[in-house]
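Trainee: quick one, what's the 3D model for this:
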Amino acid sequence: MTAVTVVNTRFPRRLGESVERPPPARSGRHDGGVARRTLHPRQVWLIGVPLNLLLAIPCAYPVALALLALQVTAGELGWAQRDPTVIDEGAGFVIGLGLVALVCTGLVVFGLNALFAFRAPKLNAPAYWIAVALLIVVPALGWLTVR
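Mentor: Numbers count the residues shown, from 1 in each chain. So this is what the prediction gives:
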C-alpha cells in the first residue's frame, strides 16, 4: 500500500502539517468514480417492508385484475368452473388493461426495490424478493376479501 501525503488544509494544527492517507480504493465504484454506499441486510429489510406495504395500496387494482384474468384463463383451460357472465359481458378489454397495469406496476415495484436491494451484497436475495411479492399480494387479497 502506497501512502499519499496530503496537506491538511481543513484543520491545520501547524502550518504545513501533512496527513498520510491511503489511495482511494477502486472496488465498489461505478462509472463516475463515486463510491457506492453498501447497505447491511437489516437496513434493506427496514426500508423494504414499509415501502412495499405502501406500494401495496396502488397495486391492489392491478392484482385484482390479474386474479380475474387467472380465473378466466383457468375456466378456459377447464381447471376451474367457468363464469359465463364475465366472458359474455366483454371483460376481455378490462382484463387486458389489467395485465398491462400489472406489468407496469411490477416494473415500478422491482425498480424501487432494486435501488437499495442490490447495494447489500450479503442480503438473502430469494427470501427478500419472495417477501416483496407477499407484501404486495397479501394486502391486495385482504382488500378483495373485505370488500
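Trainee: surely residue 76 and residue 82 touch.
Mentor: Yes. Counting by CB atoms under 8 Å, residue 76 touches residue 82, with 7.1 Å between them. C-beta coordinates here come from the backbone N, C-alpha and C atoms, glycine included.
Trainee: tell me the centre residue of this structure?
Mentor: Centre of the chain computed as the mean C-alpha position; nearest residue by CA atoms, centre = their mean is residue 113, 1.9 Å away.
Trainee: what pLDDT does that residue get?
Mentor: In this model, residue 113 is scored at 92, pLDDT.
Trainee: and the particular helix or strand that has it in it, what does it pack against?
Mentor: When secondary structure is defined by DSSP states H and E, residue 113 falls within helix 92-117. In terms of contacts (3 or more CB pairs under 8 Å, 6 or more residues apart in numbering; DSSP states H and E), helix 92-117 is packed against helix 41-55, helix 60-77, helix 125-146.
Trainee: number of nearby residues for residue 95?
Mentor: For residue 95, the tally of surrounding residues (other CB atoms under 10 Å) stands at 20.
Trainee: show me where pLDDT drops low in this structure?
Mentor: Judged by pLDDT under 70, the chain has its weakly predicted residues at 1-35, 87-88.
Trainee: got the helices and strands packed on helix 92-117 as TSV, with distance to residue 103 columns?
Mentor: Output for these, formatted as TSV (distance: least, CB to CB, whole Å):
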stretch	distance to residue 103
helix 41-55	15
helix 60-77	9
helix 125-146	14
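Trainee: can you redo the ones you listed as CSV with mean neighbour count and distance to residue 109?
Mentor: Putting these into CSV (neighbours: other CB atoms under 10 Å; distance: least, CB to CB, whole Å) gives the following:
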stretch, mean neighbour count, distance to residue 109
helix 41-55, 16, 6
helix 60-77, 16, 10
helix 125-146, 14, 6
